[in-house]
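>>> Pasting the sequence and the predicted model now:
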Amino acid sequence: MADMRVCIADVYMKNPVITASGTFGFGREYNEIYPIGCLGGISCKGTTLNEKSGNEPPRIIETHSGMLNSVGLQNPGVDHFLKEDLPWLKSQDVAVILNVAGSTVEEYCKIAQKVSDSDIDIIELNISCPNVKEGGVAFGTSANSVESITQQVKMHTKKPVMVKLSPNVTDIAEMARAAQSGGADAISLINTITGMRIDINTKRPFLKNNIGGLSGRAVFPVALRMVWQAANAVSVPVVGMGGIATAQDAIEMMLAGASAVQVGTANFTDAYAPVKIIQGIEKYLDDNGVCDVNDIVGQVKIW
Amino acid sequence: MSYIQQKALIVKKEELAQGIFRYTLKNSELVSLSRAGQFVHILCGEKTLRRPISICSIDKENGVFDIVFSAKGEGTHWMSGQNKGDEYDVLGPLGNGFDTDIKGRVLLIGGGIGVPPMLCVASEILAPCDAILGFGSKDAVILEKDFKAVCSNVHITTDDGSFGRKGLVTDLLSEIADRQKYSVIYACGPAPMLKAVAMIAEKNKIKCCVSLEERMGCGVGACLVCACKTKHGNIEQFSHVCKDGPVFNAQEVVW
Ligand SMILES: Cc1cc2nc3c(=O)[nH]c(=O)nc-3n(C[C@H](O)[C@H](O)[C@H](O)COP(=O)(O)OP(=O)(O)OC[C@H]3O[C@@H](n4cnc5c(N)ncnc54)[C@H](O)[C@@H]3O)c2cc1C
Ligand SMILES: Cc1cc2nc3c(=O)[nH]c(=O)nc-3n(C[C@H](O)[C@H](O)[C@H](O)COP(=O)(O)O)c2cc1C
Ligand code: FES
């Protein structure tokens, strides 16, 4: 049996499969279906300093091979997370990644400080949420602000910081480099790609927010390309996501340079998707005589 | 609350009315967990999102349950293309369901495709039940016999008067609520109908619970897309139809 352990930003995980922020809550709901302790890690719902109620519904519409969402970071706030969710999550023996969002740099820093002495393993800096008016993606689309927010958050916390990049930019490699020079311990990508759909009968957008973020299998080739470009631009570990639904997708991501992967929308289609992906990667390694999962990272043979 | 994701074998398929299907599905584990008002989330071929469909009847002894759905879009059309011997991949049972431990008389109100879930309530509840079922026209009337088998009085309305009483369920409700004492009204159907039912119930000081619909992702409470506005005292907040509902106390719903 191949060794599936990976190490991201000095945090060991039992395998490279992490569930993606916003699609897996804080783990409890899926733990009803299978023990979430089998996962490498869980990236929790985007958490803000104070409770946030989110956008008006409808917040979701299906698209070809994917979906749009406009949840708008509904969450109970960081204090609630630390008190109610974190102790339980830690007891499940899984790496806990806290996805953090804010509308000002100060807010990001305050949360980072609050969790500095907590039991979370990694902060995932969400500067790429397309569904909130202020903040979110506003910090993620210029190299200067990516570098500066990463730097400031790093100054306020002892926890490793993984910067989650937005795909809604012209040069993803530039953003990856900016995060790295700001001191990021890892980067993750992609967040959702902004999109829209209109109901031709009512002439209204399906989403009350008019636009939303595209995720699911439809985005996979775009995500793969961006992960490859980002991984080539930086030396810190890259966590790849966007449309991963099968072990094959996950392996492609790792060959492109991802040290670990996140699985989001696929959970909605098949609650067991992350479990099947873990098993599928193991089988691929065994079938190909690879004894350590880290040995496939970045092994794509470019023409 | 507990749910599973498993295959369910289609043991029977029946077209009740044009484009309205009743499927009997076998999965004893899922059935053993189910109660009235809950739903299952069904995988539809290559579709990214599952489709939420209410449980219409539960047969614990034989480990089977029924669903009734209208084939309207791509997902439900795919579902109606599956036949006896095929399997659905189902996640469920999901949601809170109706409280069936009621003393006194219960009035069940169903509108259109909101009728089937009320059958399950009628069968599970021990208290005497009456039902008002509303449909577009005679061709769309479904489950009349099934309701008659488990309810004391079954009233049917059609929008065009081609069967039963002409008009809306709420026309009849106003009359009946005056004549008969009910401890609770349970309703499922289109939002405008539910809102009207809730108003009449409030006017007559009858407790009322409604089953709401919202577009869903995960179906289990993890993704927060299925938000609906509710109020608790003066505080408004977003609840989630899949986990906090689909059944809500009508007084808590912000229409
Ligand atoms: C708790 C609950 C119970 C339900 N029970 C039943 C039932 O017993 N019988 C029945 O016929 N229908 C029921 N519905 C409605 C049913 O889910 C939709 O008709 C179905 O999802 C439509 O899918 P489609 O692919 O055919 O339509 P499309 O319009 O192509 O669907 C596109 C997307 O919108 C969603 N969607 C469309 N209409 C609705 C709707 N009314 N509610 C929620 N999501 C919707 C779909 O799930 C899909 O994600 C229920 C809905 C909910 C929320
Ligand atoms: C319903 C929903 C909610 C999401 N919420 C968040 C969030 O709170 N924070 C975040 O960084 N990303 C969020 N995302 C983005 C995902 O984490 C992921 O980056 C994206 O969906 C692409 O991966 P996928 O195709 O596997 O879903 C959300 C995605 C969905 C579908
Ligand atoms: S559908 Fe995901 S929370 Fe309700």
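In hand now; what should we look at? Small disclaimer: the values here were computed from a predicted structure and weren't measured. Ligands and ions are numbered 1, 2, ... in the order given.

>>> Residues of the stretch 151-255 of chain B that sit close to chain A?
With the criterion set to C-beta under 8 Å from any C-beta of the partner chain, the stretch 151-255 of chain B comes near chain A through B:214-228, B:237-238, B:243. Where C-beta positions appear, they are placed from N, C-alpha and C, glycine not excepted.

>>> show me which of those neighbour ligand 3.
Among these, proximity to ligand 3 is found for B:Met216, B:Gly217, B:Cys218, B:Gly219, B:Gly221, B:Ala222, B:Cys223, B:Leu224, B:Val225, B:Cys226, B:Lys243 (C-beta under 6 Å from any ligand atom).

>>> Which parts of the stretch 51-200 of chain B are strands?
Along the stretch 51-200 of chain B, counting by DSSP state E, counting those that start in this stretch, strands occupy B:51-54, B:57-59, B:64-70, B:87-94, B:106-111, B:129-135, B:153-158, B:165-166, B:184-188.

>>> so can I have TSV of those showing mean pLDDT?
Listed next are the strands of the stretch 51-200 of chain B as TSV, based on pLDDT from 0 to 100:
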stretch	mean pLDDT
strand B:51-54	98
strand B:57-59	96
strand B:64-70	98
strand B:87-94	98
strand B:106-111	96
strand B:129-135	96
strand B:153-158	95
strand B:165-166	93
strand B:184-188	96
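
>>> which one of those lies closest to A:Glu107?
Closest approach to A:Glu107 among the strands of the stretch 51-200 of chain B (C-beta to C-beta): strand B:87-94, 34.7 Å.

>>> buried sites along that closest one?
Neighbour-count burial for strand B:87-94 flags B:Tyr88, B:Asp89, B:Val90, B:Leu91, B:Gly92, B:Pro93, B:Leu94 (criterion: 16 or more other C-beta atoms under 10 Å in any protein chain shown).

>>> Equivalent analysis for stretch A:48-58, please.
For stretch A:48-58, the neighbour count (16+ other C-beta under 10 Å) marks A:Thr48, A:Leu49, A:Lys52, A:Gly54, A:Asn55, A:Pro57, A:Pro58 as buried.

>>> Report the mean per-residue pLDDT for it.
Averaging pLDDT along stretch A:48-58 gives 95.

>>> One more: stretch A:125-137?
Mean per-residue pLDDT for stretch A:125-137: 72.

>>> Flag every residue of the stretch 201-303 of chain A that's near ligand 2.
Within the stretch 201-303 of chain A, the positions adjacent to ligand 2 are A:Ser215, A:Gly216, A:Val219, A:Met241, A:Gly242, A:Gly243, A:Ile244, A:Val263, A:Gly264, A:Thr265, A:Ala266 by C-beta under 6 Å from any ligand atom.

>>> 8 Å instead, please
Contact residues, the stretch 201-303 of chain A versus ligand 2 (C-beta under 8 Å from any ligand atom): A:213, A:215-217, A:219-220, A:223, A:241-245, A:262-266, A:268.

>>> quick one: secondary structure of the closest residue to ligand 2 within chain B?
The minimum distance from chain B to ligand 2, using C-beta to the nearest ligand atom, falls at B:Cys223 (4.3 Å). Under DSSP: H, G, I helix; E, B strand; the rest coil, B:Cys223 falls in the coil class.

>>> and it, what pLDDT?
For B:Cys223, pLDDT reads 97.

>>> Please report the distance of it from A:Gly46.
12 Å (C-beta to C-beta, to the nearest Å).

>>> got it, and B:Gly92?
For B:Gly92 relative to A:Gly46 (C-beta to C-beta), the value is 28 Å.

>>> So which of the residues of the stretch 151-255 of chain B next to chain A belong to helices?
When those are checked against helices (DSSP state H), there are no matches.

>>> Low-confidence regions, the chain specifically.
No chain in the question, so chain A it is. In the predicted model, chain A carries pLDDT under 70 at residues A:130-137.

>>> should've been chain B
Using pLDDT under 70, chain B drops low at B:1.

>>> Residues of chain B that sit close to ligand 3?
Proximity of chain B to ligand 3, by C-beta under 8 Å from any ligand atom, involves residues B:214, B:216-226, B:240-243.

>>> what about the helices in chain A?
In chain A, the helices defined using DSSP H lie at A:28-31, A:78-80, A:86-90, A:105-114, A:143-155, A:172-181, A:220-233, A:247-255, A:266-269, A:273-287.

>>> With chain B instead?
Residue ranges of the helices in chain B, as given by DSSP H, are B:28-33, B:74-80, B:115-124, B:144-150, B:169-179, B:191-203.

>>> Can you work out which residues contact both of B:Cys223 and A:Gly46?
Counting by C-beta atoms under 8 Å, 6 or more residues apart in numbering or on different chains, the contacts common to B:Cys223 and A:Gly46 are A:Gly22.

>>> So which bits of chain A are right by ligand 1?
Contact residues (C-beta under 8 Å from any ligand atom) of chain A with ligand 1: A:Ile60, A:Ile61, A:Glu62, A:Met67.

>>> how about the second one, what does it touch?
Read that as A:Ile61. A:Met67, A:Leu68, A:Arg197, A:Phe206, A:Leu207, A:Gly212, B:Arg215.

>>> Please determine how far the residue minimising distance to the centre of chain B is located from B:Glu124.
Nearest residue to the geometric centre of chain B (C-alpha atoms, centre = their mean): B:Pro117, 2.9 Å. Distance check for B:Pro117 against B:Glu124: by C-beta to C-beta, it reads 11 Å.

>>> what do those two both touch?
B:Ala36.

>>> what does the stretch 1-150 of chain A put close to chain B?
Counting by C-beta under 8 Å from any C-beta, the stretch 1-150 of chain A sits next to chain B at A:22-25, A:29-30, A:32-33, A:45, A:53-54, A:56-63, A:65-67, A:69, A:71, A:74.

>>> out of those residues, who's near ligand 2?
Near ligand 2, taking C-beta under 8 Å from any ligand atom as the test, the members of the residues of the stretch 1-150 of chain A next to chain B found are A:Gly22, A:Thr23, A:Lys45, A:Arg59, A:Ile60, A:Gly66, A:Met67, A:Asn69, A:Val71.

>>> so what's the first one up against?
The neighbourhood of A:Gly22, defined by C-beta under 8 Å, 6+ apart, consists of A:Lys45, A:Gly46, A:Asn69, A:Val71, A:Asn99, A:Gly264, B:Cys223, B:Leu224.

>>> let's see 7 Å
Going by C-beta atoms under 7 Å, 6 or more residues apart in numbering or on different chains, A:Gly22 touches A:Lys45, A:Gly46, A:Val71, B:Cys223.

>>> Settle this for me: the last one is touching A:Thr23, isn't it.
Yes: judged on C-beta atoms under 7 Å, B:Cys223 makes contact with A:Thr23 at a distance of 5.6 Å.
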